[in-house]
Every structure is written in C-alpha cells, then in structure tokens.
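Student: here is my input, please return the structure:
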Amino acid sequence: MLMSNFLRQTRAGGATEASDVLVQCLQDLLRRLVSRKGVKHAIIAVERGDESFRWIGAAGDAKPDGTPMRADTPFFIASVDKLFTATVILKLRERRHVGLDEPISTYLPQTLIGGLHRLGGVDYTGTITVRHLLSHTSGLADWLEDRPKGGRSLVERLIHEGDMSLSIDDLVHIVRDQLTPHFPPQPVKAKRQ
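Tutor: All right, here's what the predicted structure looks like:
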C-alpha cells in the first residue's frame, strides 16, 4: 500500500515532489511502526543506489527514561548480523575460498580456538566445521545469553553495567573459559542432544 500510494502520487509530479512524497510515506510508516504494541523504537534507512536519495528516520524511546531514539543511537541488532555473516560466508564458498565442511581450524588460528569446545573430558574443537557454526549445531555455548557459574550472562552485564566493547579474543575467552558447551557438534539434520 505504501509503494502503490507513492507511485500513484509521483506519476503526476517531478523528482522533488516524488522525494517529498516518499519522505512523508516513510515518516508515516515509521510512526505507525512504533505505535504498534511491543515496538519501543525503530530506525529505518532508505538510499538509492545512485545516491540521489537518502533518508534515515528514528522514532520511539531509546531508553526507559524516555530518551528519544535518534538515527545515530547505538542499537542492538540481535541476530540480524547472522544474515550478513551467512551471506558473506556463502559468497566466499561460491568463490571457493571457504568450504562449509572444512574444520574452523582451517581458517582460524589454533592460538585463538584451541580448547574452545571441551565437553565431558573430550575436546571437540577440531571437529567443528563452518557449517556447524552457520547452522548452530556446534554445541558451543551462547556467549551472550549463557551464564557462567556464579555469574551474570553478558546480556545481564550489559543491562546492569552499560555498554562495553569486546574483541573476538574476549568472546572466545568467555566461551572457552567461562561457559560449558551444550552438546558435541551434530550433523545438521541430527536431533539435538
């Protein structure tokens, strides 16, 4: 409906009018989005490939205290990055730079991943493949939500302590040294243990 209204209104007008109508449609969409139950804030960005049009809008509350959301407000994207990561990995596979069934040790240094997946006295690190990581069948602990013994999960720490910066080394340290794997690496079609 948004695009059909936009197209109907722009056929009669020029490029400037079209941009103005599109901006109004996008602002209306953003306003309706944050008025939905359970949606506290949103950021939408639209850009033409030729860079002749660019719009970024933000709405809602960035924080519980009512601080308004802005286009440059840091935003937790949760699992959205999985789409980008999978796309890049599959592009690399297409170019024969990465094999999905290759062990991760083919691409990552042993100094980084050594002992990453120890469970029941067995080190499964050498059997973890790229496919395991993409399909969440490696059994590795969830660095964000799993709790170390006697401690808080990283997400709980972020909520209580505020924003923090973590390197890949920090995340590997958390998974290897503070958390316990859930199960041994599984075939993609296997029933998880």
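Student: walk me through the domains of the protein.
Tutor: 2-60, 80-178 (automatic domain parsing).
Student: mean confidence score for the first one?
Tutor: The average of the pLDDT scores along domain 2-60 is 76.
Student: can we start the residue count at 25 from this point?
Tutor: Sure thing, new numbering starts at 25, so read that last one as domain 26-84.
Student: from the chain's centre, how far out does that domain sit?
Tutor: Centroid separation between domain 26-84 and its chain, computed with C-alpha atoms, centre = their mean, to the nearest Å, is 24 Å.
Student: before we move on, the earlier item: adding distance to Pro211 and mean neighbour count, write the domains of the chain out as TSV.
Tutor: In short, each C-beta sits where N, CA and C put it, glycine included. Output for the domains of the chain, formatted as TSV (distance: least, C-beta to C-beta, whole Å; neighbours: other C-beta atoms under 10 Å):
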stretch	distance to Pro211	mean neighbour count
domain 26-84	36	13
domain 104-202	7	14
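Student: of all those domains, which one is nearest Val212?
Tutor: domain 104-202 (4.9 Å; C-beta to C-beta).
Student: end-to-end on that closest one?
Tutor: 25 Å (C-alpha to C-alpha, to the nearest Å).
Student: next: stretch 186-194.
Tutor: 17 Å.
Student: please apply the same query to stretch 184-193.
Tutor: Termini of stretch 184-193 sit 23 Å apart (C-alpha to C-alpha).
Student: where along this structure do the helices fall?
Tutor: 26-34, 39-58, 104-118, 134-137, 154-159, 178-185, 192-197 (DSSP state H).
Student: still on that earlier bit, to Gln210, which of the domains of the chain lies closest?
Tutor: Short answer: domain 104-202, nearest of the domains of the chain by C-beta to C-beta, at 4.5 Å.
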